[in-house]
Each structure stands twice: as structure tokens, then as C-alpha cells.
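Undergrad: Just the structure for this:
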Amino acid sequence: MKAPWNFLRFLPVAQRLIARGRIPALLLAVARKRSSNRGLLKGLREDLALFQSLGVAWWKGEYRAISTQAFISVVAALLYFLSPLDAIPDWIPGLGFIDDLAVLGWVMRKWSDELSAFRIWRDAQSPTKRAELDELPQQKETERL
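TA: So this is what the prediction gives:
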């Protein structure tokens, strides 16, 4: 299964972002863009929510049972979603998020076993713990990094 053509350039950026501990800032940026674009497709919203929960769990050290390559791909997909200069610019009404959906879908298929394992782990958590996974880092936490 071949990666979307424009996605590969986001992988090294994702590696650097992880190495520099910038996951909280990424998650906040994704949340801002996600909430400002109410026209997002349902599948795109669901995939973003799963990736954000994984990012929070990984950042807090609560879930690390994912391969490095899978996590880098998830972070790269979130970076792709944030990028205004991807294959189809987001400002094009009705079409702007189609390439984002394709990238997120590709990551979901490529790493389906690992993402399913995370989903099972997340669903087995208490309601309180699940709420914590949906809670994004505070702004002050992103400023310290």
C-alpha cells in the first residue's frame, strides 16, 4: 500500500516534533483547526479524535504500546491536516479536506492493527480515564516545551 504522494515529506518533520517534545502544541493546533471547521466530514472528525486521544495518551506516558513508525505516521498525518499547503488547499470549499481524509484514511489502514489495539485499550479504561484522554494539554504545558 503506497503512501499518498505528498504525505512522505511530513514524516521527518513528525520525527523532529516528537524528539523535541512538541506533541502538546500539535494537539492544541489540531483542536483549534478542527473546531473552526465545522464542515469537516464525519470520518475525518472521528479519525482526528482517535489520533488526538492517542497523542494525549502517548504524551502522558499512559500508552506506549505502539511502534515508533506507527506513531510517527499518526503525528505526520496530524501535521498534514494542519498544513495549508497540501495536495488540495484547505481553503477550496468542498474539496479542501478530501486529501486530508485520504491521508488519515491511509494511516488508519496502514496501521490498523496498532490503532485497533489502542482503541481497545482506550475503550477498556474507566469513564474518568477516557475523559482525561479527551482532555488536551493546557496552554501553559505547551509553553514550557
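
Undergrad: which SSE is the nearest residue to L115 once chain neighbours are set aside in?
TA: In space, and not counting its chain neighbours, L115 is closest to M108: 6.2 Å by C-beta to C-beta, 6 or more residues apart in numbering. In short, each C-beta sits where N, CA and C put it, glycine included. Using DSSP states H and E, M108 sits in helix 98-110.

Undergrad: how many degrees apart are the following helix or strand past that helix and helix 98-110 in direction?
TA: Tracing the chain C-terminally past helix 98-110 and defining elements by DSSP H and E, one meets helix 112-123 next. Angle, helix 112-123 to helix 98-110, by axes from the mean of the first three to the mean of the last three C-alpha atoms, to 10 degrees: 90 degrees.

Undergrad: what packs against helix 112-123?
TA: Where contact means 3 or more C-beta pairs under 8 Å, 6 or more residues apart in numbering; DSSP states H and E, helix 112-123 is packed against helix 42-59, helix 68-82, helix 127-134.

Undergrad: Please point out which parts of that helix sit buried.
TA: Across helix 112-123, burial judged by 16 or more other C-beta atoms under 10 Å covers 114-115, 118, 121-122.
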